[in-house]
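*Asks:* using only what follows, build the 3D model:
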Amino acid sequence: MPKKHQGPQDFAEIAFRVFQEAFGEAPHKDESATNPAVRLGRKGGLKGGKARAAKLTPDRRSEIAKEAAVKRWSRD
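*Replies:* From the prediction side, this is the model:
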């Protein structure tokens with residue numbers, strides 16, 4: 001099911017948002033308003049790939065890349 005558009009639908013609303021962004025008056029998201037679990041998950045997710053790559057040997061990274069390429073090219 002396609003996602004519904006969450007932004008403004010009216011031309012005037014879009015123009016107002018563009019105006020605000022152009023002049024730096026756009027409302028910013030309040031980080032404290034987000035769910036703490038979401039922030040914690042994002043924090044771990046941002047560093048997870050780099051940490052995993054640092055642990056892997058070059059040979060293992062090569063194996064993973066080869067497997068991924070085979071899977072990508074074997075799709076019908």
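*Asks:* give me the below-cutoff pLDDT ranges for this protein.
*Replies:* 1-8, 26-33, 76 (pLDDT under 70).
*Asks:* and if we set it to 50?
*Replies:* Low-confidence segments of the chain, defined by pLDDT under 50: none present.
*Asks:* regarding it, what is its longest helix?
*Replies:* In the chain, ranked by residue count with DSSP state H as the criterion, the top helix is helix 36-55.
*Asks:* quick one, helices of this structure?
*Replies:* Going by DSSP H, the chain shows helices at 11-22, 36-55, 58-73.
*Asks:* which strands and helices sit next to the longest one?
*Replies:* To tie it back to what came earlier, the one meant is helix 36-55. Packing partners of helix 36-55 (3 or more CB pairs under 8 Å, 6 or more residues apart in numbering; DSSP states H and E): none among the helices and strands. From N, CA and C alone the C-beta is placed, and that goes for glycine too.
*Asks:* chain center to it, what's the gap?
*Replies:* Put simply, helix 36-55 sits 12 Å off its chain's centre (CA atoms, centre = their mean, to the nearest Å).
*Asks:* and the angle from it to helix 58-73?
*Replies:* 110 degrees (axes from the mean of the first three to the mean of the last three CA atoms, to 10 degrees).
*Asks:* kindly export helix 36-55 (C-alpha atoms) in CSV.
*Replies:* The C-alpha trace of helix 36-55 is given here as CSV (Å, rounded to 0.1, in the frame of the first residue of the first chain):
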residue,chain,number,x,y,z
PRO,A,36,14.1,7.8,23.5
ALA,A,37,14.1,4.3,22.2
VAL,A,38,14.1,5.6,18.6
ARG,A,39,17.0,7.9,19.4
LEU,A,40,19.0,5.0,21.0
GLY,A,41,18.3,2.7,18.1
ARG,A,42,19.4,5.4,15.6
LYS,A,43,22.6,6.0,17.6
GLY,A,44,23.5,2.3,17.5
GLY,A,45,22.5,2.0,13.8
LEU,A,46,24.8,4.9,12.8
LYS,A,47,27.9,3.2,14.2
GLY,A,48,26.9,-0.4,13.6
GLY,A,49,28.1,-0.8,10.0
LYS,A,50,31.4,0.9,10.6
ALA,A,51,32.1,-1.3,13.6
ARG,A,52,31.2,-4.4,11.8
ALA,A,53,33.4,-3.5,8.8
ALA,A,54,36.3,-2.8,11.1
LYS,A,55,36.0,-6.3,12.7
